[in-house]
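this one's structure only:
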């Protein structure tokens, strides 16, 4: 069969219909707008009901006194010296954490994308496990490494707790996987022959990478940097445990004002400040990425990976393995070691105690071990919701103009929604959790006693990862491929199945893995809505850590170890079950 060239779809100035029929430009544009609106309907409804409504309700309660609004209080709170200090520290530590994470993780993204070596699948799972751990657990693990009696203290007498370095290193530990998965997923699909051609023309290795590969990776790097910044900008558990009273982020201050000081009005103002800051950052990000969008030549990742060649690549692989060992494996090893270090020596005392509700001293109504099954059920449901909502949103945002052979574009409304999708990562989880409690308590949205409430809260955090993971790949698909398929008589559904799906299947599995991992470890909002008889793993760990006693602490370490193992096994199984070797990083 002779295939038509992509230029055929552009010849008549129209768009191809279901069987190759031409549609006038006006009708094609209306048809495209209708298709995009249909794709956006569910994501818009989801975010309106389960994000905008709860957050707006709780902020409104904080800023209202009777029937009047107190907007003047915003300036009063922001002008306070203590709040200005919190704002400054929140901003600069997020910038420093993002830069340090990119510097350390980009070599890892290259290694996992372009090099083939024994143990690669295990390394993928290891670097992702920290991302699902509750912040309280990671803070405790780094305290054991960097604090009094920790590894550095024992070896060299150095303590880093209550310093900003402990916070920055813990943030890199958390977000290493974000850069590796997001950037590495696209890097593995870039055609290496383009960079090789530049070298044939006389460019050096670094010059060829800087001028050919880096511009192609720019959208993925920007997406990863944005996610890292948002997570560190709203950091809570790490700062609270490792920073001590000297360091406070907006998230920590919102929690303190809400749960300790009981000053809901100040917490509402800080939530608005956080909301405005995140919105401004997302707007700048959207404009920057839109200017850099290009159609890329994507290839099968199995054709781009190769064994390390030369001393430089072997040294790079060794440095990445050493970094993962020191920065990621060491804190995880501390958790495992402490889960077996019982009162009478090493054994399974803490694991046996998880089977009894009485052993927790009344912390739970059910044995803590049931939290494992609860978390798996919630995470699977949240992943399904996040994939459905996020995939529809990504498809709408990447929807091309009709009859344009170039990069897809979007209207102002669609670009605005692109930025709004990231707001759940930048708005206080405390605010979202309280918002769920005070808004979803009346018919037809009385969900306080429903099991679906927890997966909905988890999916709110998973959707941005689905969108940010799929969007760069969807936008990189050359629109002329779709138009050529339509000229040959393919229906829109078949065009999606035959053209888009093979190229984005990899990103879809990466998105599924991210959504599942994030759901397993979500803590901020879940802690307010998980019922005592159905706790999740992060909530169970936090409650055990909050009670005194060696047994409770040991059970928390044991549950944390189980959470790590569940995540690692899930990621390895997903990697094994993917349809082909080009299906994705997860």
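Happy to help now that I have it. Quick caveat: nothing in here was measured; it's all calculated off a predicted structure.

okay, CA-based contacts and neighbour counts for the rest of this
Will do.

May I ask you to name the longest helix in the protein?
Criterion DSSP state H: the longest helix present in the chain is helix 81-114.

count of residues packed around the residue nearest to residue 567 when sequence neighbours are not counted?
Distance criterion CA to CA, 6 or more residues apart in numbering; nearest residue to residue 567, sequence neighbours excluded, is residue 129 at 6.1 Å. Each residue near residue 129 was counted by other CA atoms under 10 Å, and the total is 25.

So residue 129 sits against residue 569, correct?
No: Residue 129 is not in contact with residue 569 according to CA atoms under 8 Å; the separation is 10.0 Å.

quick one: the helices in the stretch 51-200 of the chain?
Secondary structure of the stretch 51-200 of the chain (DSSP state H, counting those that start in this stretch): helices at 53-63, 72-78, 81-114, 120-132, 135-146, 151-156, 164-187, 192-200.

Contact partners for the residue nearest the centre of the chain?
Nearest to the mean C-alpha position of the chain, counting by CA atoms, centre = their mean, stands residue 465 at 4.5 Å. Going by CA atoms under 8 Å, 6 or more residues apart in numbering, residue 465 touches 511, 514, 515.

Now with 10 Å, please.
Going by CA atoms under 10 Å, 6 or more residues apart in numbering, residue 465 touches 178, 182, 223-224, 227, 386-387, 390, 421-422, 425, 459, 471, 510-515, 518.

same thing with residue 175?
Counting by CA under 10 Å, 6+ apart, residue 175 has contacts 97-98, 101-102, 105, 127-128, 130-131, 224-225, 227-229, 231-232.

quick one: it and residue 136, what's the gap?
15 Å (CA to CA, to the nearest Å).

cool, residue 82 as well?
25 Å.

Could you check which of the two has the larger neighbour count?
Ranked by neighbour count (other CA under 10 Å), residue 82 and residue 136 place residue 136 first, with 22 against 11.

isn't the more buried one right next to residue 522, touching?
No: the pair residue 136 / residue 522 is not scored as a contact, 11.6 Å apart, by CA atoms under 10 Å.

For residue 522, list the residues it contacts.
Counting by CA under 10 Å, 6+ apart, residue 522 has contacts 131-135, 375, 379, 429, 454-455, 457-459, 461-462, 536-539.

State the distance from it to residue 85.
Distance from residue 522 to residue 85, by CA to CA: 28 Å.

Also residue 280?
20 Å.

Neighbours of residue 85, how many?
13.

thinking again about what came up before, now the longest helix of the chain, how far from the chain's geometric center?
Relative to the centre of its chain, helix 81-114 is centred 15 Å away, using CA atoms, centre = their mean, to the nearest Å.

What helices and strands are in contact with that helix?
helix 72-78, helix 120-132, helix 164-187, helix 214-233, helix 250-255, helix 264-292, helix 310-324 (3 or more CA pairs under 10 Å, 6 or more residues apart in numbering; DSSP states H and E).

one more time with 6 Å
When contacts are defined as 3 or more CA pairs under 6 Å, 6 or more residues apart in numbering; DSSP states H and E, helix 81-114 packs onto helix 164-187, helix 214-233.

Can you say which of those is packed in most?
Neighbour counts (mean count of other CA atoms under 10 Å) averaged over each of the helices and strands packed on helix 81-114 peak at helix 164-187, with a mean of 25.

That helix relative to helix 135-146, how many degrees between them?
120 degrees (axes from the mean of the first three to the mean of the last three CA atoms, to 10 degrees).

and the helix or strand containing residue 371, how far out from the chain's middle?
Residue 371 is located in helix 370-397, with elements delineated by DSSP states H and E. Distance, stretch centre to chain centre, for helix 370-397: 13 Å (CA atoms, centre = their mean).

could you say what helices and strands it packs with?
helix 25-47, helix 453-476, helix 501-521.

7 Å instead, please
helix 25-47, helix 453-476, helix 501-521, helix 537-545 (3 or more CA pairs under 7 Å, 6 or more residues apart in numbering; DSSP states H and E).

Tell me which of these lies nearest to residue 195.
helix 453-476 (17.5 Å; CA to CA).

Off-centre distance for that closest one?
8 Å.

cool, and stretch 538-546?
The answer for stretch 538-546 is 22 Å, by CA atoms, centre = their mean.

Identify all contacting residues around that stretch.
134, 136, 363, 368, 371, 521, 523, 527, 552-553, 556, 559-560 (CA atoms under 7 Å, 6 or more residues apart in numbering).

average pLDDT across that stretch?
Averaged across stretch 538-546, the pLDDT comes to 79.

buried sites along it?
Residues of stretch 538-546 classed as buried: 538, 539, 540, 541, 542, 543, 544, 545 (neighbour count, 16 or more other CA atoms under 10 Å).

Then stretch 48-60?
Neighbour count says stretch 48-60 has 50, 51, 52, 53, 54, 55, 56, 57, 58, 59, 60 buried, by 16+ other CA under 10 Å.

how near is the third one to residue 341?
Here residue 52 is placed at a distance of 46 Å from residue 341 (CA to CA).

For the helix or strand where residue 566 lies, name the packing helices and strands.
Secondary structure assignment for residue 566, by DSSP H and E: helix 550-577. Applying 3+ CA pairs under 7 Å, 6+ apart, one finds that helix 550-577 contacts helix 120-132, helix 330-340, helix 349-353, helix 537-545.

out of those helices, nearest to residue 497?
Across the helices and strands packed on helix 550-577, closest to residue 497 is helix 120-132 (CA to CA), at 28.1 Å.

now for that closest one, which elements pack on it?
Against helix 120-132 (3+ CA pairs under 7 Å, 6+ apart) you get helix 164-187, helix 501-521, helix 550-577.

That helix vs helix 501-521, what angle?
Going by the same axes, to 10 degrees, helix 120-132 makes 50 degrees with helix 501-521.

Let me see the mean pLDDT of helix 120-132.
Helix 120-132 comes out at a mean pLDDT of 79.

Stretch 60-73 now?
73.

so how far is the first residue of it from its last?
Terminal-residue distance, stretch 60-73 (CA to CA): 13 Å.

can you pull the buried residues of it?
Those would be 60, 62, 63, for stretch 60-73 by 16+ other CA under 10 Å.

which of these lies closest to residue 442?
residue 60 (18.0 Å).

residues contacting the residue nearest to residue 231 when sequence neighbours are not counted?
Distances taken as CA to CA, 6+ apart put residue 425 closest to residue 231, at 6.6 Å, once the chain neighbours are dropped. Residue 425 is in contact with 230, 231, 461, counting by CA under 7 Å, 6+ apart.

Roughly how far does the last one sit from residue 506?
Residue 461 sits 21 Å away from residue 506, going by CA to CA.

same question, residue 482
19 Å.

higher neighbour count, those two?
residue 506 (27 against 23).

ok, that one to residue 138 distance?
Relative to residue 138, and taking CA to CA, residue 506 is found at 30 Å.

Also residue 112?
From residue 112 to residue 138 the distance is 24 Å (CA to CA).

can you check residue 233 too?
Counting by CA to CA - residue 233 and residue 138 are separated by 17 Å.

What of residue 48?
For residue 48 relative to residue 138 (CA to CA), the value is 33 Å.

Likewise for residue 316?
Applying CA to CA to residue 316 and residue 138 gives a distance of 27 Å.

Format the contacts of residue 425 as TSV; extra columns: pLDDT and distance to residue 250.
Putting the contacts of residue 425 into TSV (pLDDT from 0 to 100; distance: CA to CA, whole Å) gives the following:
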residue	pLDDT	distance to residue 250
230	82	12
231	83	12
461	86	18
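
nearest to residue 171, of the residues you listed?
The closest of these, once distances to residue 171 are taken by CA to CA, is residue 231, at 8.6 Å.
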